[in-house]
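Enquirer: Test case, fold it:
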Amino acid sequence: MNDRSKLSFGIKTSQSGITYDDILRIWREADTIDVFEHAWLWDHMIPLRGPVTRAALEAWTLLAALAAQTQRLRLGVIVTSNRLRPPTVLAKMAATVDIVSAGRLEFGIGAGGSEVRGNPAGLEMVHREFDAYGIPVVPPGEAVRALAEACTIIRRMWTEDKPFDFDGRCYTLKGAVGEPKPMQQPHPPILIGAGGERALRVVAEHADVWNCPTGDAQEFRRKSQILDEHCATVGRSPGEITRSVQILVPGDDPAASRAKLLELIDAGVTHLVLAPLAPLRPAAWLADEIIEPVLAEVRSG
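Expert: Numbering: from 1, shown residues only. As a prediction, this is how the structure comes out:
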C-alpha cells in the first residue's frame, strides 16, 4: 500500500438542496480536523436529479465566501465545467479566490457536459442543465478541444505579464490580460477531471492532479495506464501527476467505504475526496469512522 505520508483526504459538499449556513458549518468543522487537507464544491447550476426548483448555489461565488471564512483547508471545485464560463473569466475568478484564500486554491476543471453517447440518462441530465441556461451541448471531441485550449489560456493569464492574443479552434482572444496574478507561483495546482482517452491526453499535458471519475479500482488502474502512456508521448514523468478519486459515502455503511478506499489506495490513488450522501452528518464522523481507520490500516500494512 501507499505510504501514509503521500495520502491526502478531502471532503466534498455538493450544493444541491443544502443551505449556505449548513455548508459553512461543515467546512468550518473540517477546517479544525487535521486529517482533512482539502475541501471541494460541485459545479452545476441546477440539481441533476429531483425537482429542478431545489436550491443549487453557484460554485465559484460560494467558494470565494468559504475561502474568506476558513484558515487552513486547501479548496476548490471538483470539477469546474469548462462549458459554463469563458476561460478568461474563469482565470480571473480563480486568481481572485487564490488571493482571498491566501494561496489555498486547487484549480479543478473538466470538459463539462457534452453529448454522452450510449447513455440516454446522462444526456438527459446534461440537457436538463444546459438547456435551462442557454448553453449548447456539443460533441465530446469539441468539449475536449475546448478544455485543452482553456487550460492553455488560463495558464497564460496567470503567468504572462503582457497582453497576448490567442487564435484557437474554440477561442479567439485579442489583448488578453490577467491581473492580479494568483498568490501561488507560478500558479495554483491544476486538477483535471477526465476519463476518456482524448481527455487523458489533456491531463498528461496540463494537470498536476488527475481526478479519475470512477470508484472502481480495476477501472482506475486501466485508465491510469492510459494516462501513463500519454505522459510518455508528451514527455512527462507519470509520477508528476497525483492520482485522485472521489467516492460517495453513505451514512449507514462505513465499512464498505473503508474497503473501497483501501482498494483505491492499493491501486495507486493518493488524493481521496469523500462526498457524504448525508451532508448534514458532522465532518468528524467521516474522520473518525472512515479516514482514521483507513490510515491505521495503511500504517499496519
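Enquirer: what about the strands in this protein?
Expert: Using DSSP state E, the strands of the chain run over residues 8-12, 36-41, 74-77, 80-81, 107-110, 164-167, 172-176, 190-193, 209-212, 242-249, 271-276.
Enquirer: And the longest one, what's buried?
Expert: Put plainly, it is strand 242-249. Residues 242-247, 249 are the ones in strand 242-249 that count as buried (16 or more other C-beta atoms under 10 Å). All C-beta spots, glycine's among them, are computed from the backbone N, C-alpha and C.
Enquirer: next one: the third one
Expert: By neighbour count, with 16+ other C-beta under 10 Å as the criterion, the buried positions of strand 74-77 are 74-77.
Enquirer: any chance of these in TSV, with pLDDT and distance to Arg145 too?
Expert: Output for the buried residues of strand 74-77, formatted as TSV (pLDDT from 0 to 100; distance: C-beta to C-beta, whole Å):
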residue	pLDDT	distance to Arg145
Arg74	98	29
Leu75	98	29
Gly76	98	24
Val77	98	21
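Enquirer: where does the stretch 201-301 of the chain have low pLDDT?
Expert: The model of the stretch 201-301 of the chain has pLDDT under 70 over residues 279-280.
Enquirer: rerun at 90
Expert: 251-252, 277-282, 301 (pLDDT under 90).
Enquirer: so where do the helices sit in it?
Expert: Remark: helices assigned in the stretch 201-301 of the chain by DSSP state H, counting those that start in this stretch are 217-234, 254-267, 283-286, 292-300.
Enquirer: For these, give me a markdown table that also has distance to Thr88 and mean neighbour count.
Expert: Formatted as a markdown table, those follow (distance: least, C-beta to C-beta, whole Å; neighbours: other C-beta atoms under 10 Å):
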| stretch | distance to Thr88 | mean neighbour count |
| --- | --- | --- |
| helix 217-234 | 25 | 16 |
| helix 254-267 | 35 | 18 |
| helix 283-286 | 35 | 19 |
| helix 292-300 | 40 | 15 |
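Enquirer: Same list, the ones you listed, but as a markdown table with distance to Glu124 please.
Expert: Putting the helices of the stretch 201-301 of the chain into a markdown table (distance: least, C-beta to C-beta, whole Å) gives the following:
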| stretch | distance to Glu124 |
| --- | --- |
| helix 217-234 | 23 |
| helix 254-267 | 28 |
| helix 283-286 | 31 |
| helix 292-300 | 36 |
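Enquirer: out of those helices, which comes closest to Arg28?
Expert: The closest of the helices of the stretch 201-301 of the chain to Arg28 is helix 283-286. By C-beta to C-beta, the value is 9.0 Å.
Enquirer: So what touches that closest one?
Expert: 11, 26, 29-30, 33, 36, 249, 251, 274, 276 (C-beta atoms under 8 Å, 6 or more residues apart in numbering).
Enquirer: Could you give the bridge partners of Leu173?
Expert: When assigned by DSSP bridges, Leu173 has beta-bridge partners Phe166.
Enquirer: I figured it hits Met157, correct?
Expert: No: using C-beta atoms under 8 Å, Leu173 is not in contact with Met157; the gap is 9.4 Å.
Enquirer: the more surrounded of those two?
Expert: Met157 (26 against 18; other C-beta atoms under 10 Å).
Enquirer: and the more buried one, what does it touch?
Expert: Neighbours of Met157 in contact, by C-beta under 8 Å, 6+ apart: 87-88, 91-92, 95, 176-178.
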